[in-house]
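# Sharing a model that was predicted from the sequence below.
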Amino acid sequence: PGALTGALNWYRAMSGAALGAVGPVTVPTTYVWSDRDNAIGRGVAEMCAQHVTGEYRFVELPGVSHWIPDEAPAPLAEAILARVRGTA
């Protein structure tokens with residue numbers, strides 16, 4: 001009981017001003033997004049690139065919901081390994 005409230009309060013506590021003070025991400029970054037994600041729309045996901053000055057890759061996994069690690073562990077692992085290997 002209360003676990004969801006605690007998790008949501010973590011997000012509620014963040015403010016735009018606090019996030020703006022963090023600065024851009026300077027390391028190579030891969031954003032893995034799924035086209036059936038009901039929590040994060042494509043436009044919002046793509047806007048993350050605006051906060052990355054390092055090399056940026058956007059990987060879309062079709063037919064997967066918000067729960068990528070549970071529903072598509074192999075494609076997710078491949079996207080991560082491709083970044084680590086520098087092949088994609």
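Received the coordinates, thanks.
# Identify, by residue count, the longest helix of the protein.
The residue-count maximum for a helix in the chain (DSSP state H) belongs to helix 73-85.
# That one packs against which elements?
strand 29-34, strand 56-61 (3 or more Cβ pairs under 8 Å, 6 or more residues apart in numbering; DSSP states H and E). Where you see a C-beta, it was placed from the backbone N, CA and C, and this is true even at glycine.
# Any regions of this structure where pLDDT drops low?
87-88 (pLDDT under 70).
# Which residue lies nearest the spatial centre of it?
residue 31 (4.9 Å; Cα atoms, centre = their mean).
# wait, doesn't that residue sit right on residue 47?
No - applying Cβ atoms under 8 Å as the test, residue 31 and residue 47 come out as separate, 10.2 Å apart.
# about what we covered before: can you give me the distance of the residue nearest to the centre of the chain to residue 58?
5 Å (Cβ to Cβ, to the nearest Å).
# Identify the contacts common to those two.
45, 49 (Cβ atoms under 8 Å, 6 or more residues apart in numbering).
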